[in-house]
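J.: Test case, fold it:
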Amino acid sequence: MYSRFLHTAGILVLVAIGSLALSAQPALSDIVFEATLDGASNVPPIPAVSATGEAVMVLNNAQTELSYTITFTVLSSKELAAHFHNGGPRQIGPILEGLPLGSPKGGIWEVTPSDVVELLAGRVYINIHSEMYTGGEIRGNVVKAVVPIHDTTWGRVKSLYRAEAR
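T.: Presented below is the predicted three-dimensional model:
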């Protein structure tokens, strides 16, 4: 009797943990994006820059909000500004949305239907501007993340969705 109770309690705990883990992840219909920021991706490239960064973004199912977490290493000088820009790789484009200063950056961008078209087409990039590189010190193009479904580990899946991006 006692062992059956422990078995049932164990199953309930596993179900509860599984439910919490699933609720913390983006919904299956959400679209996940990522970006790697560095000086070599700037236009023109700045290969001498040692700063790097990464971003994880989730577009909600209604395609009205893009939640983001952006982190970067120490810049060569004080950060002046950071933005989402419209433009493909190797293109310079207009600002779509301003970002807060500092690392990590986290927030929600209320996107328009045309912003979503540009995101899905790969024509959005993140640029972090510094005093030394006012045109941008590090940049990264926003691309759809490849989320593995088979032959992966739970740790790998969790690493795609950091707590700050939820």
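J.: and residue 128, bridged to which residues?
T.: Per DSSP bridges, the residues bridged to residue 128 are residue 82, residue 138.
J.: From residue 97, how far off is it?
T.: Distance, residue 128 to residue 97, using C-beta to C-beta, to the nearest Å: 14 Å. Where C-beta positions appear, they are placed from N, C-alpha and C, glycine not excepted.
J.: Would you mind telling me which of these two has more residues around it?
T.: More crowded of residue 128 and residue 97, by other C-beta atoms under 10 Å: residue 128, with 26 against 18.
J.: OK, contacts around the more buried one?
T.: Taking C-beta atoms under 8 Å, 6 or more residues apart in numbering as the definition of contact, the neighbours of residue 128 are 37, 51, 53, 72, 75, 79, 81-82, 136-139.
J.: Please enumerate the strands of the chain.
T.: For the chain, the strands identified by DSSP state E occupy 31-38, 52-59, 65-72, 79-86, 95-98, 105-110, 124-130, 138-141, 143-144, in order along the chain.
J.: Now tabulate the ones you listed in JSON lines and tack on distance to residue 118 and mean pLDDT.
T.: Rendered in JSON lines, the data for the strands of the chain read as follows (distance: least, C-beta to C-beta, whole Å; pLDDT from 0 to 100):
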{"stretch": "strand 31-38", "distance to residue 118": "12", "mean pLDDT": "96"}
{"stretch": "strand 52-59", "distance to residue 118": "12", "mean pLDDT": "97"}
{"stretch": "strand 65-72", "distance to residue 118": "11", "mean pLDDT": "97"}
{"stretch": "strand 79-86", "distance to residue 118": "6", "mean pLDDT": "98"}
{"stretch": "strand 95-98", "distance to residue 118": "8", "mean pLDDT": "98"}
{"stretch": "strand 105-110", "distance to residue 118": "12", "mean pLDDT": "97"}
{"stretch": "strand 124-130", "distance to residue 118": "5", "mean pLDDT": "98"}
{"stretch": "strand 138-141", "distance to residue 118": "12", "mean pLDDT": "97"}
{"stretch": "strand 143-144", "distance to residue 118": "12", "mean pLDDT": "96"}
